[in-house]
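**Q** the sequence isn't on hand, but the structure is:
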């Protein structure tokens with residue numbers, strides 16, 4: 001249980017920091033290099049604002065800032081819970097993601113990135 005507890009402590013610490021240091025105020029975090037150089041939003045743009053809103057219980061703002069990030073937070077919670085339950089039961093944890101899963105995830109992130117940078121995808125801007 002030490003490893004799952006350590007991972008949880010690290011994630012809770014990161015969320016506590018982002019929850020207490022507002023990324024909406026300039027100067028606290030670095031600007032996305034892709035956004036700075038090209039003006040294009042990467043799939044991670046808005047992730048810190050999303051985490052900040054999520055920590056404060058504002059799920060709609062978190063989804064608006066970066067919906068895939070919110071899905072990632074929830075996915076982490078599910079996977080971490082499965083990890084703990086399997087560890088307590090003495091069973092190994094196996095995450096068998098095949099090429100289809102990885103290509104699907106990559107394709108969804110690519111579509112999200114392209115759409116958020118098109119004129120009609122302005123509602124996906126962080």
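**A** Okay, I see it. Note that the structure is predicted; figures quoted are calculated from it, not measured.
**Q** what about the residue sitting nearest the centre point of the chain, helix or strand, and which?
**A** The centroid of the chain falls nearest to residue 69 when counting by C-alpha atoms, centre = their mean (2.8 Å). Counting by DSSP states H and E, the element that carries residue 69 is helix 59-88.
**Q** which strands and helices sit next to that helix?
**A** Where contact means 3 or more C-beta pairs under 8 Å, 6 or more residues apart in numbering; DSSP states H and E, helix 59-88 is packed against helix 2-20, helix 47-55, helix 99-116. Just so you know, the C-beta spots here come from the backbone N, C-alpha and C atoms, and that holds for glycine as well.
**Q** so which bits of the longest one are buried?
**A** Of the residues in helix 2-20, those with enough neighbours to count as buried (16 or more other C-beta atoms under 10 Å) are 4, 18.
**Q** just checking, next helix/strand downstream of that helix?
**A** Assigned by DSSP H and E, the successor of helix 2-20 is helix 33-38.
**Q** any low-confidence regions in the chain?
**A** Judged against pLDDT under 70, the chain has no low-scoring part.
**Q** hmm, back to that, can you pull the contacts of the residue nearest to the centre of the chain?
**A** 44, 46-47, 50-51, 62 (C-beta atoms under 8 Å, 6 or more residues apart in numbering).
**Q** from residue 89, how far off is it?
**A** As defined by C-beta to C-beta, to the nearest Å, residue 69 lies at a distance of 31 Å from residue 89.
**Q** again, but for residue 17
**A** From residue 17 across to residue 89, the span is 33 Å (C-beta to C-beta).
**Q** again, but for residue 54
**A** Taken as C-beta to C-beta, the span from residue 54 to residue 89 is 30 Å.
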